[in-house]
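**Student:** Quick one, what's the 3D model for this:
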Amino acid sequence: MPLPEQSIPWPPKAMLGVLDKLRTWDAWYSGDPEALAAMYGSLTYNPRDPSSPFDRYGLLINRPSQYRGGMVGRFARMFWGTPTPLGERPHKLHIPVAGDLAATSADLLFGEMPKLSVEHTQTQDLLEQMVVDDGVHAALLEGAELAAALGGVYVRIAWDRQVSDRPWLCAAHADAAIPEWRWNRLSAVTFWEVLATPGTSQTTVLRHLERHEPGAIFHGLYEGTADQLGRPVPLAEHAGTAALAGIVDEYSAVPTGVDKLTVVYVPNMRPNRSWRADPAATNLGRSDYAAVEGAMDALDETWTSWMRDIRLGKARLIVPDLYLQNLGSGKGAYFDAEQEVFTGLSMLPKPDGAGNMITENQFKIRVAEHSTTAKELLSVIIRDAGYSAVTFGELTGASNVATATEVNARERKTLTTRSRKIGYWRPQLADIVETLLAITANMAPELGVQPARPDVEWPDAVAPSQADTAAAIQLLHAAEAISRRTSVQMAHPDWDDTRIDEEVRLIVAELLAVPDPTQLGGVLEPHPGVPA
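**Tutor:** A predicted model of the protein is given here:
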């Protein structure tokens, strides 16, 4: 199916609800207080918008949405949705726990690159080179972090002979894509990008659409509005798409040379409970932030309240106008709190006739209450996101020194989540790498690549110590349940077969070696009765 030939609503109406939710998750992922405030409605400002929360002097006013029901009212009543009181400066603070969740998820999956194995030696060598030199590992790390934040990520293949002689992988954001499904498999996807258009009116929007289908990638440039795709225009009319004008065919397509999609979708976790009954979104994944937005909002409110206590807890002296030193006509007055001796002050006594009129004021800083609340909220966020507190450094009184078995026990929830995510990544990673090898073979036949679906093997999340490994090998040997070769493999999992075989040969040779009598420290005496 080619790209649209006439204007249609954009994004499509079926995806509007999905994209609104993705914008919410993106605001948390960004860690930007202004993005959160804009998302939840407390700092949205448009001078041409009659519903703007600012008055004509630029001061925030109470929003009518605070009193509405439904999702609008619920969002507006959240901490990030409430307006700053009139006359006060914004003091809302944000703890970027959402970014920590996404980064931790990526590190758990791709902190160490999974092993990609094919039988053809030359293809294997090239694949290992592409992982490092062509940024495959870096692209997967980026993709895993985006998937944790936005519920899923698209991993696509890109190539440009002016940039590289080989294709490479890159992560595509889920909030700029319109997927199409056949059963629960991705059958096509359209990415879009809003291009900068200097010199055009503010209401005109130029979009570049890139549609992936099996065997071809379609490119189109459209001039429309904020909610309409508009009319198609030649690719050569914008610098961002001009290079594509010379490589597309009469259907605005670039043939890929393979009969598969050059993109895969990897869900973060399924099912997505919010979109279970939505045909347009039922196959999308759910974010690590799903259902914990309220707890993250409460954590920011707690942190802001704690800092407010510190700000208000500064010692202050409240003095009457009589104590102020006049700077002269029209220049105001001030009170010098560092002055040690006050003389010649004419002041009225207090009603009870005792004391002066200087009032000391210092509010209590509720450290314990705020700290306990913040820790409990953080624990709820981490648990509901699918991780163990110890993964984020919350040891809960446990020793820092632990064996691999103890670490696995403490981080059981984290490791279970990691295993579930690996189950979504493994097949999609194998598919896209196979397609990557096929396109590489078409682009550079001189490399001798033989496309094949690789075996994908993830490393252990927690590597056992040498002491644990040695103890396990010793027990298996005592039970006569392990061979010498297998024991060497267990002790050195990073060795290849040749090195393992050589080590086994050396071990066996040492066990079967007969001591040289001449090296025992002296000359052996002959046995009595035996001729010398």
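**Student:** List the buried residues of stretch 380-399.
**Tutor:** Neighbour-count burial for stretch 380-399, counted by 16 or more other C-beta atoms under 10 Å, picks out 380, 381, 382, 385, 386, 387, 388, 389, 390, 391, 392. (Glycine included, C-beta is placed from N, CA and C.)
**Student:** Same question for stretch 114-129.
**Tutor:** Result for stretch 114-129 [16+ other C-beta under 10 Å]: buried residues 114, 116, 118, 123, 124, 126, 127.
**Student:** Check the offset of it from the chain's centre.
**Tutor:** Computed by C-alpha atoms, centre = their mean, to the nearest Å, the chain-centroid distance of stretch 114-129 equals 28 Å.
**Student:** Can you tell me which of the buried residues of stretch 380-399 is nearest residue 471?
**Tutor:** Nearest to residue 471 among the buried residues of stretch 380-399: residue 390, at 23.6 Å, using C-beta to C-beta.
**Student:** Tell me the spacing between the closest one and residue 266.
**Tutor:** Shown here: residue 390 relative to residue 266, a distance of 27 Å by C-beta to C-beta, to the nearest Å.
**Student:** so where's this structure uncertain?
**Tutor:** 1, 42-77, 84-90, 196-202, 316-328, 330-361, 394-410, 461-468, 514-532 (pLDDT under 70).
**Student:** Can you give the domain ranges for it?
**Tutor:** Domains of the chain are assigned by automatic domain parsing as 1-17+94-292+421-459, 32-81, 315-342+356-361, 464-513.
**Student:** Distance to residue 303 added to those domains, as TSV?
**Tutor:** Formatted as TSV, these follow (distance: least, C-beta to C-beta, whole Å):
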stretch	distance to residue 303
domain 1-17+94-292+421-459	5
domain 32-81	10
domain 315-342+356-361	23
domain 464-513	38
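**Student:** Tell me which of these lies nearest to residue 26.
**Tutor:** Ranking those by distance to residue 26, with C-beta to C-beta as the measure, places domain 1-17+94-292+421-459 first at 6.1 Å.
**Student:** Isn't residue 147 up against residue 265?
**Tutor:** No: using C-beta atoms under 8 Å, residue 147 is not in contact with residue 265, being 9.5 Å away.
**Student:** Tell me which of those two has more neighbours.
**Tutor:** The residue with more neighbours, out of residue 147 and residue 265, is residue 147; 30 against 24, by other C-beta atoms under 10 Å.
**Student:** Which elements pack onto the strand or helix carrying residue 103?
**Tutor:** Using DSSP states H and E, residue 103 maps to helix 97-110. Counting contacts by 3 or more C-beta pairs under 8 Å, 6 or more residues apart in numbering; DSSP states H and E, helix 97-110 packs against helix 16-30, helix 136-150, helix 293-312, helix 367-384, helix 412-443.
**Student:** Could you dump those into a markdown table and include distance to residue 470?
**Tutor:** Putting the helices and strands packed on helix 97-110 into a markdown table (distance: least, C-beta to C-beta, whole Å) gives the following:
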| stretch | distance to residue 470 |
| --- | --- |
| helix 16-30 | 44 |
| helix 136-150 | 31 |
| helix 293-312 | 44 |
| helix 367-384 | 34 |
| helix 412-443 | 23 |
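**Student:** and of those, who's closest to residue 174?
**Tutor:** Here helix 136-150 is closest among the helices and strands packed on helix 97-110 (C-beta to C-beta), at 4.4 Å.
**Student:** Which residues does the very next helix or strand once past the closest one contact?
**Tutor:** Helices and strands here follow DSSP H and E; after helix 136-150, the next one along the chain is strand 152-158. Under the criterion C-beta atoms under 8 Å, 6 or more residues apart in numbering, residues 139-140, 143-144, 146-147, 167-174, 177, 189, 191, 212, 262-268, 284-285, 428-429, 432, 435-436, 439 lie in contact with strand 152-158.
**Student:** Stretch 269-279 now?
**Tutor:** Here stretch 269-279 has contacts from 14, 17-18, 21, 151, 281-282, 284-286, 288, 290-291, 386, 417, 420-421, 424, using C-beta under 8 Å, 6+ apart.
**Student:** Please list only the buried members of the residues you listed.
**Tutor:** Buried among those (16+ other C-beta under 10 Å): 18, 21, 151, 281, 284-286, 288, 290, 386, 417, 421, 424.
**Student:** Widest-spaced pair of those?
**Tutor:** Farthest pair in those, by C-beta to C-beta: 18 and 417, 23.2 Å.
**Student:** my read: residue 436 touches residue 167, true?
**Tutor:** Yes: with contact defined as C-beta under 8 Å, residue 436 counts as touching residue 167 (6.0 Å).
**Student:** Comparing those two, which residue is more hemmed in?
**Tutor:** residue 436 (26 against 23).
**Student:** And the closest residue to the more buried one other than its chain neighbours, how far from residue 476?
**Tutor:** Excluding its sequence neighbours, the residue lying closest to residue 436 (C-beta to C-beta, 6 or more residues apart in numbering) is residue 157, at 5.5 Å. Residue 157 sits 44 Å away from residue 476, going by C-beta to C-beta.
**Student:** Likewise for residue 131?
**Tutor:** Per C-beta to C-beta, residue 131 is found 33 Å from residue 476.
**Student:** Then residue 130?
**Tutor:** For residue 130, the distance to residue 476 - C-beta to C-beta - is 38 Å.
**Student:** Neighbour count: these two, which is higher?
**Tutor:** The residue with more neighbours, out of residue 130 and residue 476, is residue 130; 21 against 15, by other C-beta under 10 Å.
**Student:** can I assume that one is in contact with residue 167?
**Tutor:** No: taking contacts as C-beta under 8 Å, residue 130 lies outside contact range of residue 167: 9.0 Å.
**Student:** list the residues that contact both of the two?
**Tutor:** Contacts common to residue 130 and residue 167, judged by C-beta under 8 Å, 6+ apart, are 436, 440.
**Student:** hang on, residue 130 in a helix?
**Tutor:** Yes: per DSSP: H, G, I helix; E, B strand; the rest coil, residue 130 lies within a helix segment.
**Student:** For the strand ranked longest in the chain, buried residues please.
**Tutor:** Assignment by DSSP state E gives strand 185-195 as the longest strand of the chain. Buried residues in strand 185-195, counted by 16+ other C-beta under 10 Å: 186, 188, 189, 190, 191, 192.
**Student:** At which residues are the strands of the stretch 201-350 of the chain located?
**Tutor:** Using DSSP state E, counting those that start in this stretch, the strands of the stretch 201-350 of the chain run over residues 205-213, 216-224, 231-233, 253-255, 263-267, 316-318, 325-326, 333-334.
**Student:** Please work out which of those strands is packed deepest.
**Tutor:** Each of the strands of the stretch 201-350 of the chain was scored by mean neighbour count; the highest is strand 263-267, a mean of 24, by mean count of other C-beta atoms under 10 Å.
**Student:** and it, how far out from the chain's middle?
**Tutor:** The answer for strand 263-267 is 16 Å, by C-alpha atoms, centre = their mean.
**Student:** Next, format the buried residues of strand 185-195 as a markdown table and append distance to residue 39.
**Tutor:** Converted to a markdown table, the buried residues of strand 185-195 look like this (distance: C-beta to C-beta, whole Å):
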| residue | distance to residue 39 |
| --- | --- |
| 186 | 28 |
| 188 | 30 |
| 189 | 25 |
| 190 | 25 |
| 191 | 23 |
| 192 | 21 |
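**Student:** Which of these sits closest to residue 255?
**Tutor:** The closest of the buried residues of strand 185-195, once distances to residue 255 are taken by C-beta to C-beta, is residue 188, at 15.5 Å.
**Student:** Just list the residues touching the closest one, thanks.
**Tutor:** Taking C-beta under 8 Å, 6+ apart, one finds 1, 179, 180, 211, 212, 213, 261 in contact with residue 188.
**Student:** helix/strand/coil for the residue lying closest to residue 454 once chain neighbours are set aside?
**Tutor:** Nearest residue to residue 454, sequence neighbours excluded (C-beta to C-beta, 6+ apart): residue 116, at 4.4 Å. Going by three-state DSSP, the secondary structure assigned to residue 116 is strand.
**Student:** same check, this time on the one 10 residues further on
**Tutor:** What three-state DSSP gives for residue 126 is helix.
**Student:** how close does the nearest residue to residue 143 once chain neighbours are set aside sit to residue 11?
**Tutor:** Nearest residue to residue 143 in three dimensions, chain neighbours excluded: residue 171, at 3.8 Å (C-beta to C-beta, 6+ apart). The gap separating residue 171 from residue 11 is 20 Å, by C-beta to C-beta.
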